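Let's see this in three dimensions:
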Amino acid sequence: MTLQEAIQEVREAVSREAAIRRAYDILTQRYRGSRVKTYLLFWRLCENDVERLWARPGFLHCTKLNVLLRYLLIESGQVRAEDVSFAWTLTWFISPHQYVRIRKEDGSILCLDVWAATYGTPFGSYARGFR
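Numbering: from 1, shown residues only. Reported below is the predicted structural model:
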């Protein structure tokens, strides 16, 4: 699937919430988090080009997965830029970790963590502490 095809799939969702879920599903099927690779591949943190990130399925850092999630949602026209923000927490109480906060149509906040889905963190939640 190309990046443009992914954007189109998200664009075709029937609601904002369905679009968010579709973007999340696309990314969790294509990418995964890894505690070990987070540290071993630290130089990849400098890469910011969305096309290059998309071209490399498999492991991505949490910050890069969040950039892709934000990009899919905004480019699809389903979510406004001001409704997507990044937040920080700690995993294992020592490791900085980023997740995404999205304002839903009703004004509530939905937290998403594409990186942590690898470790069983469900849609609507994020990694923190030992979880």
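
residue ranges with poor pLDDT in the chain?
For the chain, applying pLDDT under 70 flags the ranges 130-131.

Contacts only, for residue 66.
86, 98, 99, 100, 114, 115 (CB atoms under 8 Å, 6 or more residues apart in numbering). For every residue, glycine as well, the C-beta is placed using N, CA and C.

Apply 6 Å and report the result again.
Counting by CB atoms under 6 Å, 6 or more residues apart in numbering, residue 66 touches 86, 98, 100.

Could you list the residues in contact with the one helix or strand the second one maps to?
In this structure, residue 98 is located in strand 95-103 according to DSSP states H and E. Strand 95-103 is touched from outside by 62-63, 66, 69, 83-89, 91, 109-113, 126-127, with contacts defined as CB under 6 Å, 6+ apart.

before we move on, back to that, just the contacts of residue 66 now: which is nearest residue 33?
residue 98 (11.2 Å; CB to CB).

For the closest one, the count of nearby residues, please.
Using other CB atoms under 10 Å, the number of residues around residue 98 comes to 19.

how close does it sit to residue 28?
Per CB to CB, to the nearest Å, residue 98 is found 16 Å from residue 28.

repeat for residue 65
Using CB to CB, we find residue 65 at a distance of 9 Å from residue 28.

now do residue 120
From residue 120 to residue 28 the distance is 11 Å (CB to CB).

These two: which has the busier surroundings?
Shown here are residue 120 and residue 28; by other CB under 10 Å, residue 28 has more neighbours (20 against 9).

so what's the more buried one up against?
Residue 28 touches 114, 117, counting by CB under 6 Å, 6+ apart.

all strands for the chain, in order.
31-32, 58-59, 84-91, 95-103, 109-112 (DSSP state E).

Tell me which of those strands sits nearest to residue 9.
Going by CB to CB, the one of the strands of the chain nearest residue 9 is strand 31-32, 15.8 Å.

Give me the contact list for the closest one.
Strand 31-32 has contacts (CB under 6 Å, 6+ apart) with 60, 65, 118.
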